[in-house]
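Undergrad: no sequence on this one, just coordinates:
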């Protein structure tokens, strides 16, 4: 690989590692990176909430993603994994750069268990994400929570790959 | 539904309960008894052209009594006496023609229509003893024929078992049959007369009856998230129940209608709380880091059963409404939820997860005598008791989509009540209508 090409790829990786904090235009990025989503431009008010998406029929579509990523949970748990904390740190970085943004954190569950229990579990998941963001310096006044339990799944297959996608806290930027 | 109609009793043939050979009145039927054969004759239509209504009355009574699991209805095509050409009193019925086809009991009667106004007389006979056991006259609009039939079926069950049947009541449930989201529907116990109650383009959860069966509590996602609403079944008007601070969900009216038990969520933690009718917070019953959900009132209004994860996985607990000790009542099974307290006060129904899917169980309120009701494929959830405490309605995915089923407490007589597109879940069985 030529030195220019190596430098190019280092630049790409460096930009990727800075994650969602990047609001720069597409510097040094080749056309093959356009669809990656993490780099380059992104919307500041990303995606409507899950209920609005469900009404529009777009729930779960990638195009509807906003600047803050979902965090996922183990079955029947609201503990934050290392990966979840990593994602939330990225979200906190973004929120600390966009200080007028407010966020609604949604808690969701997979289909197992009862509707009522899952509503409570979703509330715990949203609260866990909010609490961690607050510990990273995001003012709790900017963070609201809501639980949808098992009511708004991204997928419907009765298998772990789908269940895992649905066990999530989903953050929606709701205003400036 | 019009309520301004009269039920006039036909006080005929009062019989003292004295044991006599072949007498069926007051015989207790229950687990282990064979369903006994009876005939339900179409009513005699006083005017030509009303035979369809006369037949429909008998159809509904037959279906209800079949659902009860207590009787076997002899098919109409075997009946020798024709409804239009025979009498309806003990001295004019040819009982021989009924006993020869094996009927032990028989119902007959008349239907008279005057414009929109109906008068129905229905009588129950002991075929062997050749005498009337009960008689009723119902008056109302033509739209109330179904209710008249359900009331008569309940009266037949009262005569046969000593306890009034549950059919003059309603079942509320959630269904996705009409759209993208769950909506509240109401139907008769036999699955007929399905009516849509909400059309608000949002998620509706957890319908729960008011004691007078005229309204429901429902949890709906409004502009600011999920909230408790009251909906009038006739007008379908939704009114928000003002909330105490925090999120109030899954409301259940107390038996006397003065309070609402809710799952009360603050800062992500769900506890059981009691609200007054106006929505103000009266008392928190639990204050625990664990998930506490799904309150169910005892019929005397003094206790609440609920589901809690405080010992690890979800189990059923009971606490007094005045606060105080919380005691566990489920010890079998690793995941027990959705408690529903029997109107008789002695048992709680719930769903228990076995091998990845749920089955319906009941347990005595002291935690003893666990009984399994369902043993089917799919998952069986959300049990709700009939007003007479002898039947359970629940949601089951045994045949694919979620449907409502009714079962007696033996589990041997289970019947599917709903059909069509969508998933039907979260049933709630009302008290008797009045």
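TA: On my side now, so go ahead. For clarity, every value in this text was computed on a predicted model and none was experimentally measured.

Undergrad: which stretches of chain A have low pLDDT?
TA: For chain A, the stretches with pLDDT under 70 are A:1-47, A:62-65, A:176.

Undergrad: touching chain B at all, the longest helix seen in it?
TA: Ranked by residue count and defined by DSSP state H, the top helix of chain A is helix A:115-135. Yes: for helix A:115-135 and chain B, the contact criterion (C-beta under 8 Å from any C-beta of the partner chain) is met by A:115-117, A:119-121, A:123-124, A:126-128, A:130. C-beta: built from backbone N, CA, C; applies to glycine.

Undergrad: can you tell me the centre-most residue of chain A?
TA: Central residue of chain A (C-alpha atoms, centre = their mean): residue A:69, 1.6 Å from the mean position.

Undergrad: where do the helices of the chain begin and end?
TA: Since you didn't name a chain, this refers to chain A. Along chain A, the stretches classed as helices by DSSP H are A:3-17, A:50-56, A:82-97, A:115-135, A:160-166.

Undergrad: wait, chain B was what I had in mind.
TA: So, for chain B - with DSSP H - the helices run B:51-67, B:95-99, B:145-161.

Undergrad: roughly how far does the closest residue to residue B:88 other than its chain neighbours sit from residue B:74?
TA: Once flanking residues are discounted, residue B:88 sits nearest to residue B:108: 4.6 Å by C-beta to C-beta, 6 or more residues apart in numbering or on different chains. In this view, residue B:108 and residue B:74 are 14 Å apart by C-beta to C-beta, to the nearest Å.

Undergrad: who's more crowded, those two?
TA: Between residue B:108 and residue B:74, counting by other C-beta atoms under 10 Å in any protein chain shown, residue B:108 is the more crowded of the two (26 against 19).

Undergrad: for that one, report the pLDDT, please.
TA: Residue B:108 carries a pLDDT value of 97.

Undergrad: contacts only, for the residue nearest to residue A:168 when sequence neighbours are not counted.
TA: In this structure, residue A:168 finds its nearest non-sequential neighbour in residue A:70, 4.4 Å apart by C-beta to C-beta, 6+ apart. Counting by C-beta atoms under 8 Å, 6 or more residues apart in numbering or on different chains, residue A:70 touches A:87, A:168-171.

Undergrad: can you pick out the most distant pair from the residues you listed?
TA: Across the contacts of residue A:70, no pair lies farther apart than A:87 and A:170, at 11.3 Å, counting by C-beta to C-beta.

Undergrad: these two - which one has more neighbours?
TA: residue A:170 (26 against 22).

Undergrad: does that one touch residue A:50 like I think?
TA: Yes: taking contacts as C-beta atoms under 8 Å, residue A:170 lies within contact range of residue A:50: 6.2 Å.

Undergrad: what sits in contact with each of these two?
TA: Common neighbours of residue A:170 and residue A:50 are listed as A:106, A:108 (criterion: C-beta under 8 Å, 6+ apart).

Undergrad: okay, and the beta partners of residue B:404?
TA: Here residue B:404 sits in beta bridges with residue B:395, as judged by DSSP bridges.

Undergrad: same question, residue B:304
TA: For residue B:304, the beta-bridge partners are residue B:297, residue B:319 (DSSP bridges).

Undergrad: what does the stretch 101-250 of chain B have sitting close to chain A?
TA: So the stretch 101-250 of chain B meets chain A at B:180-182, B:201-203, B:205-206, B:221, B:225-226, B:247, B:249-250 (C-beta under 8 Å from any C-beta).

Undergrad: who in chain A is up against chain B?
TA: For chain A, the residues in contact with chain B (C-beta under 8 Å from any C-beta) are A:51, A:54-55, A:76, A:107, A:112-117, A:119-121, A:123-124, A:126-128, A:130, A:145-148, A:151-152.

Undergrad: and the buried ones among the residues you listed, selectable in ChimeraX?
TA: A single ChimeraX command selects the buried members of those (16 or more other C-beta atoms under 10 Å in any protein chain shown):
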select /A:51,54,76,107,112,113,114,115,116,117,119,120,121,123,124,126,127,128,130,145,146,147,148,151,152
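
Undergrad: give me the residues contacting stretch A:77-95.
TA: Under the criterion C-beta under 8 Å, 6+ apart, residues A:19-21, A:67-74, A:101, A:103, A:121, A:124-125, A:127-129, A:132-133, A:136-138, A:142, A:169, A:171 lie in contact with stretch A:77-95.

Undergrad: at 7 Å instead, please
TA: Residues outside stretch A:77-95 that contact it (C-beta atoms under 7 Å, 6 or more residues apart in numbering or on different chains) are A:19-21, A:67-69, A:71-72, A:101, A:103, A:121, A:124-125, A:128-129, A:132-133, A:136-138, A:171.

Undergrad: cool, and stretch B:375-395?
TA: With C-beta under 7 Å, 6+ apart, stretch B:375-395 has contacts from A:114, B:163-166, B:169, B:171, B:338, B:340, B:342-344, B:349-351, B:357-360, B:373-374, B:396-398, B:402, B:404-409, B:424-429, B:431-432.

Undergrad: no further questions, thank you.
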